[in-house]
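> build the 3D model from these lines:
(4 chains, ligands or ions: 4)
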Amino acid sequence: MTKTVTTVLESLNEGLRTAMRKDPNVILLGEDILDPYGGAFKVTKGCSTEFPERVFTTPISEAAMLGIANGLAMSGKRPVVEIMFGDFITLAMDQILNHASKFHWMYNESVDVPLVVRTPMGGRRGYGPTHSQSLEKHFLGIPGLTVIAPNSVIDAGDLLGTAILESTGPILFVEHKLLYTSSIAKIGQGDWVDFSLEVDGAKYPTATLGFSGVTKHHCTIATYGYNLELAKKAAVELAYNDEIFCEIIVLSQLSPFDLAAIEASLKKTKKLVTIEEAGLTLGWGSEVIAQACEGQPDLLVKRVAAIDLPIGNSKALEDVILPSEQKIVQSIREMLKLN
Amino acid sequence: MTKTVTTVLESLNEGLRTAMRKDPNVILLGEDILDPYGGAFKVTKGCSTEFPERVFTTPISEAAMLGIANGLAMSGKRPVVEIMFGDFITLAMDQILNHASKFHWMYNESVDVPLVVRTPMGGRRGYGPTHSQSLEKHFLGIPGLTVIAPNSVIDAGDLLGTAILESTGPILFVEHKLLYTSSIAKIGQGDWVDFSLEVDGAKYPTATLGFSGVTKHHCTIATYGYNLELAKKAAVELAYNDEIFCEIIVLSQLSPFDLAAIEASLKKTKKLVTIEEAGLTLGWGSEVIAQACEGQPDLLVKRVAAIDLPIGNSKALEDVILPSEQKIVQSIREMLKLN
Amino acid sequence: MMSSHIELYRTMYLIRRFEEQALAEFSTGKLVGTTHAYIGQEANAVGVISNLKSEDVVWSNHRCHGHFLAYGGEPAALAAELMGKSTGIVGGRGGSQHIHWKNFFSNGIQGGIVPNAAGMALSSKIDGRGSISAVFIGDGTLGQGVVYETMNIAALWQLPILFVVENNHFAQTTPVEMAIAGSIVGRFEGFGINATELFTSDVLEILPVAEQVIGKIRSTGCPAAIILNTHRFMAHSKGDDTRDKEMVKKLRQKYDPLQIHGLRLDTADKEPCEAEVNQLIDAAFFHANSADLPSLNGRPA
Amino acid sequence: MMSSHIELYRTMYLIRRFEEQALAEFSTGKLVGTTHAYIGQEANAVGVISNLKSEDVVWSNHRCHGHFLAYGGEPAALAAELMGKSTGIVGGRGGSQHIHWKNFFSNGIQGGIVPNAAGMALSSKIDGRGSISAVFIGDGTLGQGVVYETMNIAALWQLPILFVVENNHFAQTTPVEMAIAGSIVGRFEGFGINATELFTSDVLEILPVAEQVIGKIRSTGCPAAIILNTHRFMAHSKGDDTRDKEMVKKLRQKYDPLQIHGLRLDTADKEPCEAEVNQLIDAAFFHANSADLPSLNGRPA
Ligand SMILES: Cc1ncc(C[n+]2csc(CCOP(=O)(O)OP(=O)(O)O)c2C)c(N)n1
Ligand SMILES: Cc1ncc(C[n+]2csc(CCOP(=O)(O)OP(=O)(O)O)c2C)c(N)n1
Ligand SMILES: [Mg+2]
Ligand SMILES: [Mg+2]
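Ligands and ions are numbered 1, 2, ... in the order given. Below you'll find the model as predicted:
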């Protein structure tokens, strides 16, 4: 590959195509994924041209699409399903929860169901209440299901490739719409000049971002996906204005929960803020905080998330409903009693 | 009504029929709900005989059933839908999340959607992985949706009646299968001899159970639905064997979360154990604990729930996967470092 | 019920101009999000909805502007909704595809509206109100299972519901041949629902057939379907048209409902009508543009 | 492929005896949970599955015991599964309606299995393996939308899948007239899928028709459906029968597949066959009963 990949979208596209090249069992299913269109957000662009016999554009049938992918996965294929907007995953919930995720255990571990459901989530594009949600929280904790979300500091294409080629069970792969156009982070440069980065060796890695040269961080921020971009800005503001240094832990594996990196950071900071775009109640952060507090009784904790409302169409409404850099800064200041 | 109601099932049945008598707009929809069968768990028994024109037995179409109920609710009716097993609610998730729960807010509060979805949840009957789950956790926190669960210390029929007759928005009403045959608790008698009971005046009330005569409780147990029965036994064992007195808070409104009673109890005990039958991860207890810990930093907290696995069919598997009196006792002893 | 030639033309022209203006505002960045223009399909909305009464219900989809305007909705309120303003139909909360006004409703999940419409039809039937529900779906939406669940129940329970399938031969980029096996009429018939199919963009052909089908729903209380073969002249939403440009141009030449029906009008009637509508549209977008943005006002419920 | 008269009888008798024994064990409390007896429908499973090859796939539903035994599954493993034992088909994890062995699968969510079967058919097609998927559903399950989503895709993509609809005229307590509008055959045809309907409990009538339909699926690669009008003689699950007892008795007199086919056999063949099966069933339940209960063995994944 000589083409320089600069956005997360390009990385995902590259990762998808590489996976298809490596394994002839990779099959794509989804609505409007054929070239020249290449999918509503273009992640599948080029795939049908390169592998015409392995890309199936489907009718508007999210449940059947998932059900067919289950059947493919149980008979030697590695299907990758695109749900055009994550909001429609509700239609496939039965196939995900009562079929794909159950078969392996229910059939006494005699089958694998290696399928990946890719879908864009998130707001801030003015698409309104049925095209802007972050519904992944409803799928965290489903036994047998792995939920993954790329971000800008790890290789999103590799992450997708690993999910497609190495999974033995179903994976929900959640791509925030704004992440597509996000640049791949260059740590120590540009926006990221103050930060150092450590990425663990996990299959779906966790990244730890700290302020370079700072020996003691005061607070742990846990987040995933696009919200890292907000977390970063908030951390910079707190560092410059308040001399509060936050260590940011970015997970790519949302479920099953593996919070080792967060716990390690908390040993030092004793303060935890979670950031996510879904509605506050029973979001990803609730589990993170519940686990953290079960493990360590003396923490200060706080969740930053959307207000529990549909996502209004108007930008003015999106702005008040969704989390923002300002709300994160505010929450951390409140938690630390800096106001 | 002269008939003496002794089980929660009878109470629910009575509540449903009373609601139908009170308001001619109450309409029932569900699979196999006509007499003489009266529904798989008999909650609707007698309704179609008394109100033949208001009880609609449906094809096996959970999504359409909910969608039709939405339409009814938005045009003056108060539909009550029975989903035969809670496990099938996945099929109706889109209608619940992207339709019923959204319409009121999305349409700028110009419509109400007063519908009740009743469904049995829970295991311990050997029905296997697709007929034993407690999936309500996936529906907690959906903006616009209220989730209610009856229990044996409040009047379940009244609760259902309130949900049907007084709701302005959609309600998911979750009935644990074992609750049907549970006796209505007589506080201070039989099994309940040691307990005192306080029920708050909320629309969907919260009950606080304490040991009568005990001035200081050591630990707060928060739970809902059938799991109160386990909590009670565990509390009795801890009281007799360990002289640990637990105050039990039983919520009937699961979502939106209103944890005032739990917080009040925690002010005194500083120790919180949540009990639920769903898988541990991102269960109801995660939100309870996250909120509690955000509010008060010095708590000891612990969740008791099922192992994150499908519910095996074999009783031997149900027993290890689901929470039990013994696991609750064990967890509380561990938290209090009594082992 | 409206039916004079000029009135029919006026509504179709109103839809056309509204959509053109909305697309224009998008390119200048005044509108965000997305929009699905109804241009080319105007005769469907007008031909069907002209036959409805005020007690009847309309459920519509992502491509709802034409249905809304044919229903009598305010262009200014729709423009404001698209712009996310507090004066929008639903205060800027819903946007282009999520609106409600009187007995008109739309939602952005393909297919999900169909049982909602059936529920309202059931409500009408229970009360003996005599009103019907009309639900508009596209060809692609026939991919959704809940549509068939609802057909079945509507036929079993004899619900007064009109299924309107606007077959514009594409679902986003997917040609109907890649999305629908068998036949649309055959599908309805398999569920015991009478279906009438038309191949026209002439409002004067759609109007009487819709009248007849709707009349039958009213008199029998039974569901029925109209399949309207039609064409969209613009992209699916904003700029995502993968169809051959020449082909689309030819469609427009042949099937433009405004052209077809416009020929029946005297210039003396048509020109003032168009001028009036042009002004209305300008005013609608002008007012929308200067309206306030919404806020939650501390009311998160 | 098995096809001698006595072999057909043996399999049907095996199913019958298995189900009778399972129901008996329920009443004595040895089995918990629930079970859905296949008694009365034996000719369907045997008639269809006898035509399948080992590479073919079978997806079944809640009423799966007959399908499983016709597929060649071990009665002892099925009995142990019902009893929640570690020697069960899936180690006691699935129970009566959630089993998997070789290319046989079942699940307890009505309709959801249909796209799973289609996915396996697609896999076979992609690889050019020539194998087909057969999926068994009941009349009531035609209420599920995903069934139609799958019909559409199977027809569009020409997937080698056989839809077997066992119309036993009831879904739990719901008579088919209250559950299905239009016609079952018409529904398949609306999606461009050829459907053949039979009204018989005679395995010798089902067998050749299934052979022909399956042969056509193999040769054309296209989906097809068989609608088998049939009758269940026992309750839906354990004791929940709301049907008229006399009516059921009459059905049994007229439509018992074992009676119908049994008449063709000599007593000299039939008796030893029955004796052998009786012993097999006794042994199956005896061994199941004494087998160990499962544990998680510290492996929660
Ligand atoms: C359940 C669901 N899946 C996918 C989409 C995305 N989507 C919006 S419109 C559309 C195409 C609809 O095609 P059709 O029904 O033919 O209507 P048309 O756009 O042609 O008017 C798609 C796939 C959606 N809104 N809802
Ligand atoms: C999605 C779903 N809804 C409801 C049920 C409960 N249920 C199990 S079997 C059954 C009736 C099925 O009827 P039919 O398809 O005719 O099969 P039969 O039992 O007659 O063999 C129902 C309603 C289910 N298992 N799955
Ligand atoms: Mg279309
Ligand atoms: Mg049946």
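> residue A:81 - that's part of a strand, no?
Yes - assessed with DSSP: H, G, I helix; E, B strand; the rest coil, residue A:81 lies in a strand.
> quickly list what it is bridged to.
Counting by DSSP bridges, residue A:81 is bridged to residue A:29, residue A:117.
> what's the local residue count around it?
By the criterion of other CB atoms under 10 Å in any protein chain shown, residue A:81 has 30 neighbours. (Each C-beta comes from the backbone N, C-alpha and C, glycine too.)
> make sure it is actually in contact with residue A:69.
Yes - here residue A:81 reaches residue A:69: they are 4.8 Å apart, a contact under CB atoms under 8 Å.
> who's in contact with the residue nearest the centre of chain A?
Nearest residue to the geometric centre of chain A (CA atoms, centre = their mean): residue A:149, 2.0 Å. Neighbouring residues of residue A:149 by CB atoms under 8 Å, 6 or more residues apart in numbering or on different chains: A:136, A:173, A:174, A:175, A:176, A:224, A:225, A:251, A:252, A:254.
> which stretch of helix or strand covers the residue in the stretch 101-250 of chain C that ligand 4 sits nearest to?
Residue of the stretch 101-250 of chain C nearest ligand 4, by CB to the ion: residue C:152 (15.0 Å). Using DSSP states H and E, residue C:152 falls within helix C:145-157.
> next secondary structure after that helix?
strand C:161-167.
> packing partners for that following strand?
Applying 3 or more CB pairs under 8 Å, 6 or more residues apart in numbering or on different chains; DSSP states H and E, one finds that strand C:161-167 makes contact with helix C:42-49, helix C:113-127, strand C:133-138, helix C:184-190, helix C:203-220, strand C:224-229.
> run me through the strand neighbours of it, direction for each.
Strand C:161-167 sits in its sheet next to strand C:133-138 (parallel), strand C:224-229 (parallel), going by DSSP bridges.
> quick one: the last one near ligand 3?
No - with CB under 5 Å from the ion as the criterion, ligand 3 is not reached by strand C:224-229; the gap is at least 10.6 Å.
> what's the mean pLDDT across that strand?
Strand C:224-229 carries an average pLDDT of 98.
> contacts only, for residue A:38.
Applying CB under 8 Å, 6+ apart, we find residue A:38 in contact with A:44, A:45, A:46, A:47, A:48.
> where does chain A have low pLDDT?
A:1-3, A:339 (pLDDT under 70).
> mind redoing it with 90?
Chain A contains residues with pLDDT under 90 at A:1-5, A:190-191, A:337-339.
> which parts of it are helices?
A:8-22, A:47-50, A:62-73, A:93-94, A:101-106, A:156-166, A:177-180, A:227-242, A:260-269, A:284-295, A:315-321, A:325-335 (DSSP state H).
> pick the most buried one from those.
Across the helices of chain A, averaging neighbours per residue (mean count of other CB atoms under 10 Å in any protein chain shown) puts helix A:62-73 on top, at a mean of 32.
> next, count neighbours for the residue of the stretch 101-250 of chain C closest to ligand 4.
28.
> hang on, it packs against residue D:143?
Yes - the pair residue C:152 / residue D:143 is scored as a contact, 6.4 Å apart, by CB under 8 Å.
> quickly list what's touching both of those two.
B:59, B:61, D:180.
> what number of residues lie near the nearest residue to the first one once chain neighbours are set aside?
Put plainly, it is residue B:59. Residue nearest to residue B:59 in three dimensions, not counting chain neighbours: residue D:143, with 3.2 Å by CB to CB, 6 or more residues apart in numbering or on different chains. By other CB under 10 Å, the residues close to residue D:143 number 27.
> can you check residue A:23 too?
Using other CB under 10 Å: residue A:23 sits among 14 other residues.
> contacts only, for the residue lying closest to it once chain neighbours are set aside.
Nearest in space to residue A:23, with sequence neighbours left out and distances taken as CB to CB, 6+ apart, is residue A:165 at 5.7 Å. Applying CB under 8 Å, 6+ apart to residue A:165 gives the contacts A:19, A:22, A:23, A:26, A:78.
> help me confirm that the first one comes into contact with residue A:160.
Yes - using CB under 8 Å, residue A:19 is in contact with residue A:160, at 7.1 Å.
> farthest-apart pair in the contacts of residue A:38, please.
The most widely separated members of the contacts of residue A:38 are A:45 and A:48, with 8.8 Å between them, by CB to CB.
> need the residues touching each of the two.
Taking CB under 8 Å, 6+ apart as the criterion, residue A:45 and residue A:48 both touch A:35, A:38.
> so which bits of stretch A:171-187 are buried?
Buried residues in stretch A:171-187, counted by 16 or more other CB atoms under 10 Å in any protein chain shown: A:171-180, A:182, A:184-185, A:187.
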